[in-house]
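**Q** Give me a model of this one.
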Amino acid sequence: MPNPEDYQLRSIEESDLEQVLEWRNSERVRSNMYTDYIISLEEHRAWFLKIRNSSSTCYYVCEYDKQPIGVIYFTNIDKKNQKSYWGFYLGDENAPIGSGYIMGFTALKYAFEVLDFRKLCSEVFEFNIKSIKLHNKLGFQQEGYFVKHILKKDRHEDVIALALFKDNWLNIKDNLYEYNSVDTNG
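**A** Okay, the predicted model is just below:
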């Protein structure tokens, strides 16, 4: 069972771009994203130049035992209202079982305790049951349901809006940490 202390976040760097693009373009990740076409390296580099100095986005590489395994990000950062959208994906398919859950926990801890967000929002395709279950394990609550919201493969898909507030996080984080030591199927 992996130890959450072995997971670290660091800002995404230019040297990460090829690995991150490989993960992002994998069918496993791409099929659950709003942008689901194959992204070119040129487009990916342009994206990186745009986000690296942005005050409305933060992207991090998550490492397990000092090896990159995935990406965590915060977008649409609204400092006035202390809220943001968030997301993450496990890129390394060989990461220890439970890494998705620990990445999520690590991201929430960073969002609420370092970035000092009051609220985190997420939008998940209704068909992405694994992500919805993970959000629920982490304490998110459904706030909305967008019918036929995003076009994917010639079909408009429904999207579930989820959110977690800092005060709720502070009340449940110790239980979430303990939960990880018992159930690592995230």
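**Q** need the strands for this structure, in chain order.
**A** Using DSSP state E, the strands of the chain run over 7-11, 58-64, 67-78, 83-90, 119-125, 141-152, 155-165.
**Q** between the ones you listed, which one is nearest to residue 105?
**A** strand 7-11 (8.5 Å; C-beta to C-beta). Backbone N, C-alpha and C define where each C-beta goes, glycine included.
**Q** Please identify the residue most distant from the middle of the protein.
**A** The centre of the chain is farthest from one residue, residue 154, which by C-alpha atoms, centre = their mean lies 25.6 Å away.
**Q** May I see the strands of the chain arranged in TSV, with mean neighbour count as well?
**A** Converted to TSV, the strands of the chain look like this (neighbours: other C-beta atoms under 10 Å):
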stretch	mean neighbour count
strand 7-11	15
strand 58-64	20
strand 67-78	18
strand 83-90	21
strand 119-125	20
strand 141-152	13
strand 155-165	17
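**Q** Make CSV out of those strands and add distance to residue 97.
**A** CSV is the format used below for the strands of the chain (distance: least, C-beta to C-beta, whole Å):
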stretch, distance to residue 97
strand 7-11, 14
strand 58-64, 12
strand 67-78, 12
strand 83-90, 11
strand 119-125, 21
strand 141-152, 26
strand 155-165, 24
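**Q** Out of those strands, which gets nearest to residue 25?
**A** Using C-beta to C-beta, the strands of the chain put strand 83-90 closest to residue 25, at 11.4 Å.
**Q** Figure out how far the longest helix along the chain is from the centre of its chain.
**A** Among the segments of the chain that qualify as a helix by DSSP state H, the longest is helix 166-182. How far helix 166-182 lies from its chain's middle: 17 Å, per C-alpha atoms, centre = their mean, to the nearest Å.
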